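Colleague: Fold the stuff below for me.
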Amino acid sequence: MIYYSFSRILNVCAFIACGFIAISCQQAQPTEEQPIAETSRSQATEQPTEVETVTLEKTPFHQELIANGRLSAARKADLRFRVDGIVERLQIAEGHRVAADQLLATLDDEAQQQALQHSALRRQKAVMDYEDQLLRLGYRAADTAALDEEVKQIARLRSGLSDALLEWRKAEKDVHYTRLYAPFAGKIANLKAKEYNTTAGLEYVCSLIDDRELQVEFAVLEQELEFVKDAKSVRVTAFSEKDKAYEGKVTSINPQVDKSGMVMVKAVIKNQDGGLIDGMGVSVVVSRDFGDQLMVPKEAVLDRQGRKVVFTATDGGTAYWNYVQISHENSTHYAIKEGLKLGDRVIYAGNFNLAHDKPIVVQHDNP
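Modeller: Residues are numbered from 1 along each chain as shown. Now for the predicted structure:
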């Protein structure tokens with residue numbers, strides 16, 4: 001009997017203990033409303049993120065193909081004197097720009113002048129001998145216009161007039177050849193001649209480069225040929241000055257694919273300010289127009305959960321998460337196929353650590 005009462009007392013105590021444990025657990029369990037309240041308080045106290053936006057609109061989109069190339073002058077010549085002699089005067093220096101037919105250098109022409117005088121005397125003597133030959137044949141010099149051509153030819157040969165005239169004309173040209181003139185406008189390069197030095201053994205005096213238009217040659221894959229054929233413009237940037245671009249157009253495509261599957265393309269570039277140099281390595285961007293597209297800066301597009309995301313600014317001062325699809329891209333922008341609409345304020349700066357509905361402050365809004 002006593003044993004039975006003691007057992008009942010133990011059961012009652014155990015039941016009461018379980019009840020206390022259950023009540024304690026229920027009080028420790030957070031309600032569904034608590035996280036929401038805490039989140040709301042967290043958002044209310046969170047500092048807004050500073051961002052920059054751009055208003056989305058349709059603008060012409062140019063798809064790009066990028067390659068490396070090398071510049072070469074369309075016109076380039078190594079200039080030489082046609083006669084040997086001592087360089088008397090140089091009127092040029094490397095890098096100087098010269099006009100067409102400008103005098104560049106002169107030789108000491110004493111020997112050529114003497115040869116010209118000697119040939120002039122020989123010509124005079126030959127003319128006298130020619131007239132004597134005509135008299136022997138029964139003609140006078142005054143009748144030359146009416147003479148048969150064969151008779152005149154015989155008289156020239158016997159008098160030596162033909163040879164004298166050739167020698168005199170050559171001496172005149174040799175005097176002219178002691179002056180070096182620019183065959184076209186351009187810049188002086190590779191100046192090798194020196195004043196008071198002989199030209200004997202000199203490869204050339206200097207090079208003349210017409211750099212107003214330069215040709216760039218670059219290689220593209222055969223799969224990219226259609227893109228190049230449809231391209232309307234080419235933009236060239238020097239590796240040493242990437243902030244300055246020069247415009248041009250494709251002029252020829254080599255109709256042959258090499259062993260590496262590449263095709264050589266040539267384009268002509270306008271070198272308005274002379275900033276490009278013959279032989280310079282450049283980056284070539286071939287552009288093709290895809291018409292008006294919804295374009296966003298590349299900085300605006302983020303990779304989140306394996307998809308492309310763009311944040312836009314809401315009127316309530318928060319960031320809005322948008323999944324987007326991209327149709328085209330170039331070096332600076334994406335063309336958006338789906339996910340955004342005209343007039344959206346796209347966040348392109350300060351967006352890296354953004355989240356949906358996060359408070360923002362727009363520091364700069366580009367129209």
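
Colleague: which residues touch R82?
Modeller: Contact analysis of R82 by CB atoms under 8 Å, 6 or more residues apart in numbering lists D174, Y177. Every C-beta, even on glycine, is put in place using the N, C-alpha and C of the backbone.

Colleague: what about it, distance to A185?
Modeller: 21 Å (CB to CB, to the nearest Å).

Colleague: Could you pull up phi and psi at K152?
Modeller: Per-residue torsions, K152: phi -70, psi -40 (degrees, to the nearest 10).

Colleague: my bad, should have said A300
Modeller: A300 adopts backbone torsions of phi -80, psi -20, taken as degrees, to the nearest 10.

Colleague: That one and N351 touch, don't they?
Modeller: Yes: applying CB atoms under 8 Å, one finds A300 in contact with N351, separated by 6.7 Å.

Colleague: joint contacts of these two?
Modeller: Common neighbours of A300 and N351, counting by CB under 8 Å, 6+ apart, are F311.

Colleague: And the strands in the stretch 1-150 of the chain, which stretches?
Modeller: 49-55, 58-79, 87-90, 97-98, 103-107 (DSSP state E, counting those that start in this stretch).

Colleague: Tell me if V268 really is in a strand.
Modeller: Yes: according to DSSP: H, G, I helix; E, B strand; the rest coil, V268 belongs to a strand.

Colleague: May I have the beta-bridge partners of it?
Modeller: Counting by DSSP bridges, V268 is bridged to Q215, K249.

Colleague: wait, doesn't it sit right on E217?
Modeller: No: using CB under 8 Å, V268 is not in contact with E217; the gap is 10.9 Å.

Colleague: for the stretch 251-367 of the chain, which spans come out with low pLDDT?
Modeller: Low-confidence segments of the stretch 251-367 of the chain, defined by pLDDT under 70, are located at 367.

Colleague: Where does the record place the domain boundaries for the protein?
Modeller: Listed by automatic domain parsing, the domain ranges of the chain are 47-61+292-366, 65-74+211-289, 79-206.

Colleague: Let me see the ranges of the helices in this protein.
Modeller: For the chain, the helices defined by DSSP state H occupy 2-28, 33-45, 110-136, 149-159, 161-176, 225-230.

Colleague: contacts for the fifth one?
Modeller: So the one you mean is helix 161-176. Identification of contacts with helix 161-176 by CB under 8 Å, 6+ apart yields 82-83, 109, 112-113, 115-116, 118-120, 122-123, 125-127, 129-130, 155-156.

Colleague: got it, and the last one?
Modeller: Among residues not part of helix 225-230, those counted as contacts by CB under 8 Å, 6+ apart are Q63, L65, V220, V250, I253, V263, V265, V286, R288.

Colleague: Apply 6 Å and report the result again.
Modeller: With CB atoms under 6 Å, 6 or more residues apart in numbering as the test, helix 225-230 has contacts from L65, V220, V265, V286, R288.

Colleague: same thing with the fourth one?
Modeller: Surrounding helix 149-159, the residues in contact under the criterion CB under 6 Å, 6+ apart are A126, D129, Y130, Q133, L134, S162.

Colleague: ok, now how distant is F81 from L294?
Modeller: As for F81, its distance to L294 is 65 Å (criterion: CB to CB).

Colleague: center of the protein - which residue?
Modeller: For the chain, the residue nearest the mean C-alpha position is V236 (1.1 Å; CA atoms, centre = their mean).

Colleague: I'd assumed Y246 was in contact with that one.
Modeller: Yes: V236 is within contact range of Y246, at 4.8 Å (criterion: CB atoms under 6 Å).

Colleague: circling back to that earlier point, please identify which of the strands of the stretch 1-150 of the chain is closest to I360.
Modeller: Nearest to I360 among those is strand 49-55 (5.0 Å), distances taken as CB to CB.

Colleague: re the thing from before, mind putting the contacts of helix 225-230 in TSV, distance to Q363 and neighbour count included?
Modeller: Conversion of these to TSV gives the following (distance: CB to CB, whole Å; neighbours: other CB atoms under 10 Å):
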residue	distance to Q363	neighbour count
L65	36	18
V220	42	19
V265	44	25
V286	36	24
R288	35	19
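
Colleague: State the pair within the residues you listed that is farthest apart.
Modeller: Across these, no pair lies farther apart than V265 and R288, at 13.7 Å, counting by CB to CB.

Colleague: ok, back up a step: list the contacts for the residue nearest to the centre of the chain?
Modeller: Counted by CB under 6 Å, 6+ apart, V236 has contacts V216, Y246, I269, V282, V284.

Colleague: Was I right to think the second one contacts A267?
Modeller: This points to Y246. No: with contact defined as CB under 6 Å, Y246 does not count as touching A267 (10.5 Å).

Colleague: okay, these two: which has more neighbours?
Modeller: Taking neighbours as other CB atoms under 10 Å, Y246 and A267 compare with A267 leading, 25 against 20.

Colleague: measure the more buried one to I188 for me?
Modeller: Using CB to CB, A267 is found at 26 Å from I188.

Colleague: cool, and K259?
Modeller: From K259 over to I188 (counting by CB to CB), the distance is 40 Å.
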